[in-house]
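Q: prediction below, plus the sequence it came from.
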Amino acid sequence: MRKNIVAGNWKMNNDLSHTASLISDLKEQTKTSNAEVMIAPSFTNLWHSFEATREDDIEVVAQNMHFAENGAYTGEVSASMLKSIGIKTVILGHSERRAYYNETDESLAKKVDAALANDLRTIFCFGEELADRKAGNEEQVVASQIKNALFHLEASAFKNIVLAYEPVWAIGTGETASPEQAQDMHKFIRETLNDAYGSQIADDMTILYGGSVKPVNAKEIFGKPDVDGGLIGGASLKAEDFYAIVNAF
Ligand code: PEP
């Protein structure tokens with residue numbers, strides 16, 4: 001089933017006390033919303049965040065995980081570790097992970113498999129770089145990112161996948177894809193899914209847009225028929241702005 005989701009990716013921001021105060025600010029905001037609300041704090045703050053939101057309609061999700069179940073991978077965290085503290089969803093393939101930590105479609109396919117094997121819902125991120133868009137290759141790039149990382153999956157796996165289209169040129173730059181550009185790409189993504197897996201999976205897929213979504217532009221972007229919500233970076237660090245975006249639905 002397609003859902004409206006607004007997820008805040010806090011990246012490497014907020015120590016424990018900032019995390020606690022941002023969560024308490026979030027709780028002050030409107031409780032009635034037409035979207036599922038998620039926050040993705042850093043690993044060190046996941047447990048606190050999970051405990052602090054137990055009674056609230058806020059899901060705490062992880063920003064990343066390793067594909068191995070356990071072993072000699074210093075500094076890494078596995079799907080089962082996330083699960084053991086109650087986490088149900090993980091973000092995979094964020095462009096910063098791809099750019100700074102050499103994550104590839106191939107390594108991401110393994111991460112997706114590990115997440116799904118552990119019953120973790122995956123928010124799978126992808127998107128073209130500025131050079132791709134300038135060259136008119138954005139659809140080709142996006143199609144290959146999705147196919148390489150996800151199209152080995154059985155159709156039944158897609159109920160645990162959320163897609164997040166995040167054009168790299170719009171992340172943290174203040175430059176947003178226009179609502180039309182977002183809609184065009186989301187429609188193309190749905191068509192790509194339709195071609196490979198059929199209309200049920202394509203229609204049911206939740207596809208988020210990410211890239212400089214702010215209170216001022218959220219309504220117009222979320223108003224597009226194939227945009228089901230947003231993955232929010234910078235604007236998720238202020239409770240008021242984040243909820244203004246949530247309430248754009
Ligand atoms: C992100 O990092 O996923 C993101 C969309 O960041 P921002 O909203 O700051 O562009």
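A: It's in.
Q: which sections of this structure are below the confidence cut-off?
A: Confidence mapping of the chain against pLDDT under 70 gives the ranges 30-31.
Q: all strands of it, in order?
A: Listed from the start of the chain, the chain has strands (DSSP state E) covering 5-9, 36-40, 58-60, 89-92, 121-126, 161-165, 207-210, 229-232.
Q: what about the shortest one, distance to the chain center?
A: In other words, strand 58-60. Averaged C-alpha coordinates place strand 58-60 at 13 Å from its chain's average position (Cα atoms, centre = their mean, to the nearest Å).
Q: what's that strand in contact with?
A: In this structure, residues lying in contact with strand 58-60 by Cβ atoms under 8 Å, 6 or more residues apart in numbering are 23, 26-27, 36-41, 46, 49-50, 53, 86-89. Where C-beta positions appear, they are placed from N, C-alpha and C, glycine not excepted.
Q: please repeat the previous calculation with a cut-off of 6 Å.
A: Contacts to strand 58-60, defined as Cβ atoms under 6 Å, 6 or more residues apart in numbering, come from residues 37, 38, 39, 49, 50, 53.
Q: widest-spaced pair of these?
A: Checking the contacts of strand 58-60 against each other with Cβ to Cβ, the farthest-apart pair comes out as 37 and 50, at 14.1 Å.
Q: higher neighbour count, those two?
A: For residue 37 against residue 50, the residue with the higher neighbour count under other Cβ atoms under 10 Å is residue 37, and the figures read 23 against 18.
Q: specify the beta-bridge partners of the more buried one.
A: Residue 37 has these beta-bridge partners by DSSP bridges: residue 6, residue 58.
Q: residues contacting it?
A: Contacts for residue 37 were tallied using Cβ under 6 Å, 6+ apart; they are 6, 58, 246.
Q: so which of those is the closest to the ligand?
A: residue 6 (11.3 Å; Cβ to the nearest ligand atom).
Q: contacts only, for the residue of the chain most remote from its centre.
A: Distance from the C-alpha centroid of the chain, by Cα atoms, centre = their mean, peaks at residue 72 (27.7 Å). Going by Cβ under 6 Å, 6+ apart, residue 72 touches no other residue.
Q: same question, residue 197
A: residue 155.
Q: how close does it get to the ligand?
A: Between residue 197 and the ligand the distance is 25 Å, computed by Cβ to the nearest ligand atom, to the nearest Å.
Q: same check, this time on residue 23
A: Using Cβ to the nearest ligand atom, which is the criterion applied here, residue 23 is 19 Å from the ligand.
Q: number of nearby residues for that residue?
A: Here the neighbour count serves as a burial measure; for residue 23 (other Cβ under 10 Å) it reads 22.
Q: just to check, it is in contact with residue 52?
A: Yes - taking contacts as Cβ atoms under 6 Å, residue 23 lies within contact range of residue 52: 4.8 Å.
Q: which residues touch the residue in the chain positioned nearest to the ligand?
A: Across the chain, the shortest distance to the ligand (Cβ to the nearest ligand atom) belongs to residue 233, at 2.2 Å. For residue 233, the contacting residues are 9, 172, by Cβ under 6 Å, 6+ apart.
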